[in-house]
Each structure stands twice: as C-alpha cells, then as structure tokens.
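1. coordinates only, sequence not included:
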C-alpha cells in the first residue's frame, strides 16, 4: 500500500511539475541562516498562477504560503516568472541581489518547513487543494552556495534569486568578486549634494573573506580622503558600505578609486577595481576682474598727506579671465593732472584673489603748482578701476632744499634700480622671492629685461641664468615693483651669491646687483620656521611680506631719489666743513 502511495505521488509530481516548480534552494547562507534561507519557485506556464494558501514543507513540518502585499495579497506568479519564499523576519532582500521582478512570498512560521538542513533533505510543494505539485531532494550544502535546477536536475550554484539559473553552476573552487561605487550622478551642484556608497559583490565561486579600500584624489594625484569600509569580512552575495559625505571643495573635479582583495583565487581581476571621476560645480568662477582700494597707509592723525611724501595704497584685486597683468596706481587733481609718479605691479594667475600694498610717491610741489586740496587716488588695470579721495596739504620743505642737486642727479642718472625685502637665508628645494623696485625718472619709456639666479663661481644653481626673465615696458616717470622667484635644487648647503641682472633698452652693458646668500638644508634643526619667520623683513606697521597661492602681499620700503639727494648733501656739507677747518689751521 505504501509503495502504491509513493508511486502515485511520483506520477503526480511528474505530471504537474511543468507548471509551478521548486527551482532553487538556498539552505546554507554565509551568516544568519534562519534569516537568509529561501526557496525559489518558477512558473513554467504561459498563464499566471495564484500560490495563495499553497503549502511548502519538508518531512517534519509544512507551512502555508502567503503574499507580501496588504491583506496578504500579491501571490500571483506571472507566466514564466519567479517567486521567492522566505520567513516573515527575513534579511534575504538586504543581503542578496534579488530580482526586482520576483514575487515576494512568505510562510506563516519563523522558518520554512523545519528549517533548511545543511546535510540535505526533500522539500515538497502542494497546491491549495493539497495536491503534490513538486518535490526536490538536495544533498549536503556548501557555505554560500545554493542548489539550483539546471537541465532538469539540482546542481551546486551561485545564488540567482529571481533570475534564470543558466550558467550559474559551480565548476571549480575559484571565485569572482567585484567592487562598485554607488553614485546618483557624477556632476554635483555643491559639496553637500555629493554622497556615495561602495558595494562589494560576490559574482561567483566560493565564499571567502575580503577587504575593501577606497580613496579620493584631486586631478593632480594629491590624496584628499581615505576609507576602509570592510576589513577581513565575508558576504553572502553583496555588502554595501555606509553613506559617505566627504564635504569636498567646490569648483573642482576628483577621482574616486576603490579596490577589493579576496582570500580566494579571483578569476576576474578587472572588476576588483572601480574608478569614477566626479565634479562639484559650486559657485561659478567670476570671469570679470575687479580692483578695490581698501586703505591708505602712512597718513597722519589728521588723515592727510603732504606733497613730497611716500604713501602706501592697500588694494584687493581679483584677476578673472583676462590676459592683462598690470595694475597702476597714481594720484591726480580734479582736472586729471597727475601729482605723483605712477606705480605698477603685475598679477599673473587667472581666477585668483590678490592683496597688494603699493607705494606711491607724491610730487614735492616745490614750485607751488598745486594747491592744498582734495585729490583722487586712481587704481586701474585688468579692465577694472577704483578711486578714493585723499587730502594733500602742505609740503615737505626738506624735499625742496635739495632741488638743484636732485635735478642734477636725475639728469645724470634718470633711473633707479634697487633690491628690497630680500632674505639672505634660503632652503634647498624651496622657492624664494625677491622684489626689485624700478624708478624711471626719465620722460621716455624704457624696455626692460630683468632676471635673477643663484651661483657660485661660473655655475648657476637655480636653473638657467635667464630662466625667470621678465620683459616689460617701464613707463616714463613711473615706479614699478617686480617680483622674481628662484629655487635652488640638489645642491650642498653653504655660502653662495645671488645676482639680479637688468638690461634696459637693449644696451650691451647690464645693470647688476649681487648679494651674499646662505643656502640651508630645510631639514637642518637650526632652520626652523620660527627662526625663518624672525628673519623676515618687517614693514613700518609690522606687516610682513608674504606670498601664498591665492594672495600676494606687497610691503615696500624704499628710499626715493630725492631722499638720496638729501643724504648726499649732508655728506657734502660734512666734507666741506672738514676742508675749511684744514685751510684755516694751515693759514694760522
């Protein structure tokens, strides 16, 4: 009798199995088996099948199949569609790559049957009338692998919940793991909009431990962030990191790079790496340049200047998308007549903010041509301009006392060339700067070539001697501050020479300034930042001359040609007094 019953059941299963069948069994997940076990059903007919109140079970226990939608609906499996059976507290949909088209079914119990045994057992599927529809008997399991129907029989397989089983059978004990960035897009409006996750996936093969690392670099290869999402962990089919919000600088592009290493023989190394380039737009860079006069220094308590005085004008400048570099500052009266020399400086980098302090020498006004009055400071360049009023009263009498001698000097020389704010101690492999003040007292423009280098004997240690040459036109009756940068590379610390060379109007003979310079190894314990900072040359109000990537601060202290004339007069008078005394003593 028992034999006849089993034979009948077998015949029924053969007759009905072409309709709805047990297609895949996951009995041995990597972790939390009771939460990650599942059985896949496949509808092999051209019409949908309602699996409501069907039975799934093993030799020890049976469970009623329910739907996952409201009021336990959603049990219709479409033609040639898949359904996943799990328990009510399942984590299957978090830990497996389940097809979004698969119907979600559940059992009215804490486990399917009496639990899916790792040593193997038989599972039965009955319709709502109690008819046996299908039975599948699997053998002992392998951690992380399922039993899937391939060519009519069960084989160990990589899990494919909700997908066809074709090609998923395990042939060897190798593996294939992949890593991917999860991004909503690659172009972000601002920094707070940029978030990402990283996912590790087991594509095929045995389950093993893996480690995942990731980093963010800028386009120059500079490391910005590093991440360690997973270290020596395992997964069933995939694992996703928490969400990262790195808060990167805006207006830049970045490279996201990740990799995964596994404890198995990974058959496809190419998908062990993922790289994405993202851009954070932020606020668009301003194409238009601007100049703003911030403050006027060296005024008295009455906030007034004197004729013949040197004042300093502090500017904020932004260079946008322009090839123009020069900024000029001068003072003029209400009729547009200049009452000062024109001071100039150059700005090289586009889309950069600068902070500048530029000296302006007011004319002595010894002939009384200009009245005590309000005048206008003009700042112009980069297709932008700004102005500010200044009161000029009285004059510096001492400037006019040397008028005749000064005129002779200007007539003979007409040009002044000085090195200012120079630090005699520099570091190996570190850029340093020197400022050169050019004072053109002539009524004609000058074509200038200017360069500098570090040398000892006949050898230059800062590259080619004319490597940092600047060529420009120095306007008539104007003063210009030029900055030259050098770097000493791969040289022994010690004493060297620093030379600034100037050629004007293509003359055969150059003007030169030579200074002693000490080159130190930047690892020298005596060459610490505090000592170097103490060696910086301070300006009148304590402002130090510093250069950064985004700002250039000019603090210029220099002696005008008229001040030099004063010093020459003093020396001349002392000399004359000595000569007269000698003559008087001789006559006695």
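-> That came in fine, so what should we check first? Nothing here was measured: the structure is a model prediction, and the numbers come from that model.

2. beta partners of residue 452?
-> Taking DSSP bridges as the rule, residue 452 bridges to residue 500.

3. got a list of what it touches?
-> Counting by C-beta atoms under 8 Å, 6 or more residues apart in numbering, residue 452 touches 434, 462, 468, 484, 486, 498-501. (Glycine included, C-beta is placed from N, CA and C.)

4. what does residue 512 give?
-> Listed by C-beta under 8 Å, 6+ apart, the contact set of residue 512 reads 499-502.

5. could the residues you listed go into TSV alongside pLDDT and distance to residue 391?
-> Shown next, in TSV, are these (pLDDT from 0 to 100; distance: C-beta to C-beta, whole Å):
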residue	pLDDT	distance to residue 391
499	93	43
500	93	38
501	93	42
502	93	37
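
6. Based on its surroundings, how many neighbours for the residue lying closest to residue 298 once chain neighbours are set aside?
-> Leaving aside its sequence neighbours, residue 298 sits nearest to residue 311 (C-beta to C-beta, 6 or more residues apart in numbering; 4.7 Å). A total of 21 residues lie near residue 311 under the criterion other C-beta atoms under 10 Å.

7. May I have the secondary structure class of residue 311?
-> Put simply, residue 311 is strand when judged by DSSP: H, G, I helix; E, B strand; the rest coil.

8. For residue 4, give me the pLDDT.
-> Looking at residue 4, its pLDDT is 45.

9. next one: residue 219
-> pLDDT, residue 219: 88.

10. and the residue nearest to residue 298, what pLDDT?
-> 90.

11. try residue 164
-> pLDDT recorded at residue 164 is 92.

12. What is the neighbour count of it?
-> 14.

13. Please report how far it lies from residue 101.
-> Going from residue 164 to residue 101 by C-beta to C-beta, to the nearest Å gives 12 Å.

14. picking that back up, for the residue nearest to residue 298, which residues are in contact?
-> So residue 311 contacts 296-299, 305, 359-360, 362, 390 (C-beta under 8 Å, 6+ apart).

15. Also residue 148?
-> Residues in contact with residue 148, defined by C-beta under 8 Å, 6+ apart, are 23-25, 154-157, 160, 165, 168-169.

16. Sort out which one of these lies nearest residue 280 for me.
-> residue 160 (38.3 Å; C-beta to C-beta).

17. Once you drop chain neighbours, what's closest to that closest one?
-> Nearest residue to residue 160 in three dimensions, chain neighbours excluded: residue 168, at 4.9 Å (C-beta to C-beta, 6+ apart).

18. State whether the one you found and residue 157 are indeed in contact, as I suppose.
-> Yes - judged on C-beta atoms under 8 Å, residue 168 makes contact with residue 157 at a distance of 4.4 Å.

19. So which of those two has more stuff around it?
-> Legend: neighbour count by other C-beta under 10 Å for residue 168 and residue 157, higher for residue 157 (22 against 19).

20. For that one, which residues are in contact?
-> Contacts for residue 157 (C-beta under 8 Å, 6+ apart) come out as 24, 145-148, 150, 165, 168-170.

21. ok, what's across the strand from the residue nearest the centre of the chain?
-> In the chain, the centroid-proximal residue (C-alpha atoms, centre = their mean) is residue 218; its distance is 4.6 Å. Judged by DSSP bridges, the bridge partners of residue 218 are residue 254.

22. Kindly provide the distance from it to residue 278.
-> Counting by C-beta to C-beta, the gap from residue 218 to residue 278 is 11 Å.

23. Common neighbours of these two, please.
-> If you check residue 218 and residue 278 against C-beta under 8 Å, 6+ apart, the residues they both contact are 253-254.

24. correct me, but the residue nearest to the centre of the chain touches residue 224?
-> Yes - under the criterion of C-beta under 8 Å, residue 218 makes contact with residue 224 at 5.9 Å.

25. Residues that sit against both of those two, list them.
-> residue 254.

26. which one in the contacts of residue 148 is the model shakiest on?
-> residue 169 (67).

27. Ramachandran angles for residue 284?
-> The phi/psi pair for residue 284 (degrees, to the nearest 10) reads phi -60, psi 140.
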